[in-house]
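Q: Structure, please.
(2 chains)
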Amino acid sequence: MNTRGLRSQLKDSVPVAGLCPQGAYGVQDSLRSGFTSVKNELLPSHPLELSEKNFMLNQDKMNFSSLRNIQGLHAPLKLQMEYRAARQIQRLPFLQSSNLALDTLRGSDESIGFEDILNDPTQSEMMGEPHMMVEYKLGML
Amino acid sequence: MATLVVRQPPVGGFSFDNCKRNALLLGEANKVGSSLPSARKTGTTICGIVFKDGVVLGADTRATEGMVVADKNCSKIHHISPNIYCCGAGTAADTEMTTQIISSNLELHALSTGRVPRVATANRMLKQMLFRYQGYIGAALVLGGVDCNGPHLYSIYPHGSTDKLPYVTMGSGSLAAMAVFEDRYKPDMEEEDAKRLVRDAIAAGIFNDLGSGSNIDLCVITKGNLDYIRPHDEANKKGVRTGDYKYKRGTTGVLSKLVTPLNLDVVEESVLTMDTS
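A: Here you go, the predicted model:
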């Protein structure tokens, strides 16, 4: 879990790029994300929004960094290879995957958090358009 | 079912989609002069004490919503594990969900390690979760229990700081309760003395703080034994009406009586089926 102090967490954390426009060439993509306003883009809607979006990434980065310091470079390398392999086990782009292997590697199959209770992706009311999502995944869009 | 083009699959957890809209609504409401509805708080007095064989936790039972009492008899002592209980002050939903999540996690952890869970583990889980959300989860908790290392008592603040102390109080009535503790606490008290002291501290909070009221709940945890006393003491009983406005039978004199029976026969019966397709 979180075993390191705040200062070292900040040093190793992923830089937050959540405020940049999402389209190609860094220009606002009106087709996909709607109209833009400067105030909407510059400020996050909630102070926790960015830290929550990157929480998993920051945790992993922190853990790998301390693992590297303790056991040497081979430990995070092997683990990251396993993570990469587990992350590739997915269904089609518009279907929810259980991510069982990834959860087991992370140890989150033994804990319950807000991501399991609130906003469960399997119960989401909106569905992605299958053709568009597959084309986006394959890079054709 | 509505469809939309999404780039990433939806993730679970908190969604901040409505925050901008809420801020806008708040601005509009303030312009008109009204305000948005507020969350239900517990505006509480909770306290805990370590005595010779274990811990005693105490809480009042009033939940407020602004200036109105929302729940006259709510239960503020939450179960974390059979040997660990937690009192919660602050936003009622936050304390409820937080203690339930930590209870589930602690149970999974205990099944995984095969040992009785420790109070320090629950404390660590709670403080890490509350710090992660930077105080936006308004849960101030008093965590107490008995494990293999003896009795322990922690107080946990909404931003994630914790204190391990022999006696703690939290909530809006905490100053009144702490005054009683500071006066009469002694280390290694007997169970009856400890229960009486906690009862008096909560009563001080109830009678001197508007946010606390109704009854006093107690929870006594010792090694191998748990006493959840709800209510321990009904400090505020609703009064009994002394007079009655109902007239007794015979107050008005009956002059004459005429009974007319209505004979109703079934003339026609028809069944209409409802189209439920």
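Q: quick one: residue B:217 and residue B:61 touch, right?
A: Yes - the pair residue B:217 and residue B:61 passes the contact test of C-beta atoms under 8 Å, sitting 6.1 Å apart. Glycine gets a C-beta too; all of them are placed from N, C-alpha and C.
Q: what sits against the nearest residue to residue B:200 once chain neighbours are set aside?
A: Closest residue in space to residue B:200, ignoring its immediate chain neighbours: residue B:180 at 5.4 Å, by C-beta to C-beta, 6 or more residues apart in numbering or on different chains. Applying C-beta atoms under 8 Å, 6 or more residues apart in numbering or on different chains to residue B:180 gives the contacts B:197, B:200-201, B:204.
Q: Name the helix or strand for residue B:180, please.
A: Residue B:180 is located in helix B:174-184, with elements delineated by DSSP states H and E.
Q: what do you get for residue A:61?
A: For residue A:61, the element it lies in under DSSP H and E is helix A:55-71.
Q: So which bits of that helix are buried?
A: Buried residues in helix A:55-71, counted by 16 or more other C-beta atoms under 10 Å in any protein chain shown: A:55, A:58-65, A:67.
Q: So which residues on chain A come close to chain B?
A: Residues of chain A found near chain B (C-beta under 8 Å from any C-beta of the partner chain) are A:1-2, A:22, A:32, A:40, A:44-49, A:51-52, A:55, A:93, A:96, A:110-121, A:124-129, A:132-133, A:136.
Q: Tell me which helix or strand in the chain has the weakest average pLDDT.
A: Since you didn't name a chain, this refers to chain A. When the helices and strands of chain A are scored by mean pLDDT, DSSP states H and E, helix A:30-33 comes last with a mean of 53.
Q: Can you tell me the closest non-neighbouring residue to the closest residue to chain A within the stretch 151-277 of chain B?
A: Distances between the stretch 151-277 of chain B and chain A by C-beta to the nearest C-beta are smallest at residue B:160, namely 10.2 Å. Of all residues not flanking residue B:160 in the chain, residue B:131 sits nearest, at 3.1 Å (C-beta to C-beta, 6+ apart).
Q: Just to check, that neighbour is in contact with residue B:156?
A: No - using C-beta under 8 Å as the test, residue B:131 is too far from residue B:156 to be in contact (10.3 Å).
Q: the more surrounded of those two?
A: Between residue B:131 and residue B:156, counted using other C-beta atoms under 10 Å in any protein chain shown, residue B:156 has the larger neighbour count: 25 against 16.
Q: Contacts only, for that one.
A: Counting by C-beta under 8 Å, 6+ apart, residue B:156 touches B:123, B:126-127, B:130, B:139-143, B:162.
Q: For chain A, state which of the residues you listed is nearest.
A: Taking C-beta to the nearest C-beta as the measure, residue B:127 is the one of those closest to chain A, at 9.4 Å.
Q: Distance check, the closest one against residue B:155.
A: According to C-beta to C-beta, to the nearest Å, residue B:127 stands 11 Å off from residue B:155.
Q: Neighbours of residue A:134, how many?
A: Residues near residue A:134, counting by other C-beta under 10 Å, number 15.
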